[in-house]
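Novice: dropping a prediction and its sequence here:
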Protein chains: 2
Amino acid sequence: MGISTLGYALLALLARKSLSGYDLAQHMKRPIGFFWQAQLSQIYPELAHLEEQGCVVHRVIVQEDRPPKKLYTITEAGHSALRAWVAQPPAPAVERNEFLLKTYTIWLADPEAALELFRAREQLHTERLALYEQIQTSIESESGGAPRPDEPLFGDYATVRMGVAYEREYMLWCQWVIQQFEKALESQNRLPQ
Amino acid sequence: MGISTLGYALLALLARKSLSGYDLAQHMKRPIGFFWQAQLSQIYPELAHLEEQGCVVHRVIVQEDRPPKKLYTITEAGHSALRAWVAQPPAPAVERNEFLLKTYTIWLADPEAALELFRAREQLHTERLALYEQIQTSIESESGGAPRPDEPLFGDYATVRMGVAYEREYMLWCQWVIQQFEKALESQNRLPQ
DNA sequence: GATGACATGTAATCAGTTACATGATTAG
DNA sequence: CTAATCATGTAACTGATTACATGTCATC
């Protein structure tokens, strides 16, 4: 019946620009993929559903050099549905972090294996941090500081700031865990058996 | 065929202590619920599945004051399955943060409504931060500092440290967003229409 | 006698992933 | 001629949620 969260994610993109299903999938990878992901096979039925609900309309665009595509445009109804949804507090999220679940049980792992796990993880978040910082900087130079909160770019900027803070803390936390294991290995080496 | 992530979550608890399905559901709420959640209706079939795989066994405990329960105990096979899983890097997680999705589209919200949304959110994370800091402190006083990484309590401590860092940054980020909207409203008031 | 915690499960539904299926056009 | 990108979809399966179903025992 209603509109799923994915539906709102698609409307969020279409509120900025008309796009085809394929284009939407690209934009769902980046930047929206940082906080909401979806496959093409999920996007096509959802677009049909949004069209049934009157939130979007499409027209077929014939291109010379590429296959024809369906260009989707948000309607006034879609716009007001999105506006009603956006300031509504979301239901409590279901937390699923497999890495923290592993951390909870890391005490029974071999310390060398644990170190390898956390060193790889530290690298992952260090890389993501660098990427997000670069995006943040490029928005700042485009806007001359932070975009104003009534511009679409504010959405990009605010979310990437969260990303920067999150990745920085994750990286530092990995370093702390690594330190704990290194300390434990050291004292074990000083007092063998 | 194999063991699901929920299966490993249950094994992670049973590696510390034998529990019934009902008890497991309680422990899945806290502390594991901070990073992995499951319903009772999901836990019972998964326990049956783990038993089929030989990872757990149960015996019925008749109690005087309460209904009889099935006490599940991890087997050697379950223990080694858990040990093999724990140091294996998890597959990239699917990111789903509905609040960030709303933030991405917050530019088309009414500024007063946006402020309300973020103020409520700031409070939520401030409360969670206080809870996690309290848990962290109680573990520290129990262990006299950080637990050693070969103790089960290290799992609790390391995960709660991540929680503290995460909630602190989330809270600060909410405060930053609030500030942006307040600044925008101020300058709007200075130059009406 | 009602409510809430303890205790165990099944059935129906939903959201999301993976695999399947097809086809045009461009670049190497 | 092969691989990659563009382009649109359906089908089967899996993981997870919600609703259903039953029953004990203790406390108010």
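Specialist: Looks like it came in fine. Numbers count the residues shown, from 1 in each chain, chains lettered A, B, ... in the order given.

Novice: the helix or strand that contains A:Y166 vs helix B:152-190, what angle?
Specialist: Using DSSP states H and E, A:Y166 sits within helix A:152-190. Following axes from the mean of the first three to the mean of the last three CA atoms, to 10 degrees, one obtains 160 degrees for the angle between helix A:152-190 and helix B:152-190.

Novice: quick one: the spatially most central residue of chain A from B:R16, how far?
Specialist: Per CA atoms, centre = their mean, the C-alpha nearest to the average position across chain A is that of A:F34, at 1.5 Å. To B:R16, A:F34 is 35 Å away according to CB to CB, to the nearest Å. All C-beta atoms are positioned from the backbone trio N, CA, C, and that covers glycine.

Novice: how many residues are close by the closest residue to the residue nearest to the centre of chain A other than its chain neighbours?
Specialist: Nearest non-adjacent residue to A:F34, counting by CB to CB, 6 or more residues apart in numbering or on different chains: A:G163, 5.8 Å away. When neighbours are counted by other CB atoms under 10 Å in any protein chain shown, A:G163 registers 22.

Novice: just checking, A:G163 touches A:R128?
Specialist: Yes. With contacts counted by CB atoms under 8 Å, A:G163 reaches A:R128, the gap being 7.5 Å.

Novice: show me what from chain A comes close to DNA strand D.
Specialist: Proximity of chain A to DNA strand D, by CB under 7 Å from any atom of the strand, involves residues A:20-23, A:26, A:40-41, A:44-45, A:47-48, A:63, A:66-70, A:94, A:96.

Novice: which ones among these lie within strands?
Specialist: Among these, the members found in strands (DSSP state E) are A:69-70.

Novice: can you narrow the residues of chain A next to DNA strand D to ones near DNA strand C?
Specialist: A:41, A:66-67.

Novice: rounded mean pLDDT for the helix or strand where A:A113 lies, please.
Specialist: Element membership of A:A113 [criterion: DSSP H and E] is helix A:111-143. Helix A:111-143 carries an average pLDDT of 98.

Novice: so it, near chain B or not?
Specialist: Yes. Against chain B, helix A:111-143 shows contacts by CB under 8 Å from any CB of the partner chain at A:111, A:113-114, A:116-117, A:120-121.

Novice: in CSV: those residues, plus distance to A:G144 and neighbour count.
Specialist: Output for these, formatted as CSV (distance: CB to CB, whole Å; neighbours: other CB atoms under 10 Å in any protein chain shown):
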residue, distance to A:G144, neighbour count
A:P111, 50, 18
A:A113, 48, 16
A:A114, 46, 24
A:E116, 44, 14
A:L117, 42, 24
A:A120, 38, 11
A:R121, 36, 21
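
Novice: can you pull out the low-pLDDT segments for chain A?
Specialist: Scanning chain A for pLDDT under 70 picks out the ranges A:193.

Novice: quick one: buried residues of stretch A:15-24?
Specialist: In terms of neighbour count (16 or more other CB atoms under 10 Å in any protein chain shown), stretch A:15-24 has its buried residues at A:15-16, A:18-21, A:24.

Novice: so how far is DNA strand D from the nearest residue to A:E112 once chain neighbours are set aside?
Specialist: Counting by CB to CB, 6+ apart, A:E112 lies nearest to A:L185, which is 7.9 Å off, once chain neighbours are set aside. For A:L185, the distance to DNA strand D equals 34 Å [CB to the nearest atom of the strand, to the nearest Å].

Novice: how about the residues of chain A by DNA strand C?
Specialist: Near DNA strand C, when you scan chain A using CB under 7 Å from any atom of the strand, you find A:4-6, A:37-39, A:41-42, A:64-67.

Novice: closest one of those to B:A87?
Specialist: Nearest to B:A87 among the residues of chain A next to DNA strand C is A:Q37, at 26.1 Å by CB to CB.

Novice: show the contacting residues for that closest one.
Specialist: Neighbouring residues of A:Q37 by CB atoms under 8 Å, 6 or more residues apart in numbering or on different chains: A:28-29, B:94-96.

Novice: please apply the same query to A:R59.
Specialist: Residues in contact with A:R59 (CB under 8 Å, 6+ apart) are A:70-71, A:73.

Novice: in a helix, it, correct?
Specialist: No. Under the criterion used here (DSSP: H, G, I helix; E, B strand; the rest coil), A:R59 is strand, not part of a helix.

Novice: pull the number of nearby residues for the closest residue to A:E142 other than its chain neighbours.
Specialist: Nearest non-adjacent residue to A:E142, counting by CB to CB, 6+ apart: A:L153, 7.4 Å away. By other CB under 10 Å, the residues close to A:L153 number 16.

Novice: contacting residues for A:L153?
Specialist: Residues near A:L153 by CB under 8 Å, 6+ apart: A:139, A:142-143, A:147, B:107.

Novice: go on, A:W85?
Specialist: The contact partners of A:W85, by CB under 8 Å, 6+ apart, come to A:3, A:8, B:102.

Novice: is chain B within reach of the strand or helix carrying A:E51?
Specialist: Per DSSP H and E: A:E51 is located in helix A:40-52. No. Counting by CB under 8 Å from any CB, chain B has no neighbours in helix A:40-52; the shortest distance is 11.7 Å.
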